[in-house]
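Q: okay, here's the prediction I keep looking at, along with the sequence it came from:
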There are 2 protein chains.
Amino acid sequence: MREKPIQKQVFSRFLKERGQRFTKERSAILEKTMSRNGHFEPETLYIEIRKAGAKASRASVYRTISLLCECGLIEQVRKTEHGTVYERSFGHEHHDHMLCIGCGSAIEFYSDKLERLQEDLCRQQGFQGTTHTLEIRGYCRKCQKKKKQT
Amino acid sequence: MREKPIQKQVFSRFLKERGQRFTKERSAILEKTMSRNGHFEPETLYIEIRKAGAKASRASVYRTISLLCECGLIEQVRKTEHGTVYERSFGHEHHDHMLCIGCGSAIEFYSDKLERLQEDLCRQQGFQGTTHTLEIRGYCRKCQKKKKQT
DNA sequence: TTATAATTGAGAATGAGTCTCAATTACAAT
DNA sequence: ATTGTAATTGAGACTCATTCTCAATTATAA
């Protein structure tokens, strides 16, 4: 018998505080988001949940994703022409992304220097920063090689 | 009699190179984008063009915006739940944004240190960066005051 | 002037995300 | 356990930005 995973505790506590319920649909959706390592989109998640035999409608997937964002277990990475990309933030330190134009792969990176520099910049502007997103677009190693060959 | 503005030269040259035409619709759309100083969205642009008496359909506005992005006269700033935000990049040095959660206002800023740091980070990862976007979300001075009052 | 190919606009189509509402379910109080 | 209340669910309608279609128009080169 395993303990209730900490994410479930977090989510159900969050819901209870707001007079909301931790249903099996929400539980199924939470599980799937937490099992995913990389980036994901609502539709993909919905299909996976369906495949896994759990029942949860598209509407519930969207609704639950919003809740998970609000309680900080996942976060929006970016919006693309194909939809919104999310990632698990629980047990996943803050980081930024390099995004390959060639193959779509993403590199996660973190720089303390960068974080501090941003704080400085906010101070200079009298701005009270709370979150940020830095996305560097370009070519990953593989795609650099491909380009050279052509 | 004034000279043909440089942006028009850039755009028409760009089009000619690709065997495309510099039509009056495209010209009207170009003019409006270049007259705008801040951020804008396609729909807003379309309405303004309509008001100004020029004729250009929504479809042409969207099509021309794509072209202007490709030739580098404007660029995408971000995608929101309400649509895509663009800004003029011609005669507008590279910069990043601080975005106020309270009132939606945007502060533009530029930091050489930041640019160099990003180059370093790319080098470290073997990534060939071409563009980037940094968005810091938080509260502008005004909204900080408002929060305190409450 | 003419042939050719690019462009246009109106409206249809697409697709992500949200909303509606009747049916279901969780929970608290009895 | 039963019941009352309010939250939740899912199917599909709806919204809204954006793209597509295609017949009519227009620019350009010969």
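A: Perfect, I can see it now.
Q: what does A:Pro42 show for phi and psi?
A: Backbone torsions of A:Pro42, given as degrees, to the nearest 10, read phi -50, psi -50.
Q: can you give the domain ranges for chain A?
A: The record's domain split for chain A, according to automatic domain parsing, is A:6-88, A:96-149.
Q: can you tell me which residues in chain A are near DNA strand C?
A: Selection of chain A residues close to DNA strand C by CB under 7 Å from any atom of the strand yields A:21-24, A:41-43, A:58-59, A:62, A:66, A:79, A:82-84. All C-beta spots, glycine's among them, are computed from the backbone N, C-alpha and C.
Q: chain B contacts on chain A?
A: With CB under 8 Å from any CB of the partner chain as the criterion, chain A meets chain B at residues A:78-81, A:98, A:100-101, A:107, A:109, A:111, A:113-114, A:117-118, A:121-122, A:124-141, A:144.
Q: now those: which count as buried?
A: Among the residues of chain A next to chain B, those classed as buried by 16 or more other CB atoms under 10 Å in any protein chain shown are A:78, A:98, A:100, A:107, A:109, A:111, A:114, A:118, A:121-122, A:125, A:127-129, A:132-136, A:138-140.
Q: taking those one by one, which sit in strands?
A: The strands, defined by DSSP state E, take in A:78, A:98, A:100, A:107, A:109, A:128-129, A:132-136, A:138-139 from those.
Q: could I get those as JSON lines with distance to B:Phe90 and pLDDT?
A: Listed next are those as JSON lines, based on distance: CB to CB, whole Å; pLDDT from 0 to 100:
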{"residue": "A:Arg78", "distance to B:Phe90": "25", "pLDDT": "96"}
{"residue": "A:Met98", "distance to B:Phe90": "27", "pLDDT": "97"}
{"residue": "A:Cys100", "distance to B:Phe90": "27", "pLDDT": "94"}
{"residue": "A:Ile107", "distance to B:Phe90": "31", "pLDDT": "95"}
{"residue": "A:Phe109", "distance to B:Phe90": "31", "pLDDT": "96"}
{"residue": "A:Gln128", "distance to B:Phe90": "32", "pLDDT": "97"}
{"residue": "A:Gly129", "distance to B:Phe90": "29", "pLDDT": "96"}
{"residue": "A:His132", "distance to B:Phe90": "27", "pLDDT": "95"}
{"residue": "A:Thr133", "distance to B:Phe90": "25", "pLDDT": "95"}
{"residue": "A:Leu134", "distance to B:Phe90": "24", "pLDDT": "96"}
{"residue": "A:Glu135", "distance to B:Phe90": "23", "pLDDT": "96"}
{"residue": "A:Ile136", "distance to B:Phe90": "23", "pLDDT": "97"}
{"residue": "A:Gly138", "distance to B:Phe90": "22", "pLDDT": "96"}
{"residue": "A:Tyr139", "distance to B:Phe90": "25", "pLDDT": "96"}
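Q: residues contacting the residue positioned nearest the centre of chain A?
A: Centroid check for chain A by CA atoms, centre = their mean gives A:Glu87 as the closest residue, at 1.5 Å. By CB atoms under 8 Å, 6 or more residues apart in numbering or on different chains, the residues touching A:Glu87 are A:Gly38, A:His39, A:Phe40, A:Ile74, A:Glu75, A:Val77.
Q: tell me which two in the ones in strands among the buried ones among the residues of chain A next to chain B are the farthest apart.
A: Put simply, by CB to CB the two of those set farthest apart are A:Gln128 and A:Tyr139, 35.6 Å from each other.
Q: from A:Glu41, how far out is A:Ile47?
A: The gap separating A:Ile47 from A:Glu41 is 10 Å, by CB to CB, to the nearest Å.
Q: of these two, which one has the most company?
A: A:Glu41 (16 against 13; other CB atoms under 10 Å in any protein chain shown).
Q: name the nearest residue to A:Leu73, ignoring sequence neighbours.
A: Closest residue in space to A:Leu73, ignoring its immediate chain neighbours: A:Phe90 at 4.7 Å, by CB to CB, 6 or more residues apart in numbering or on different chains.
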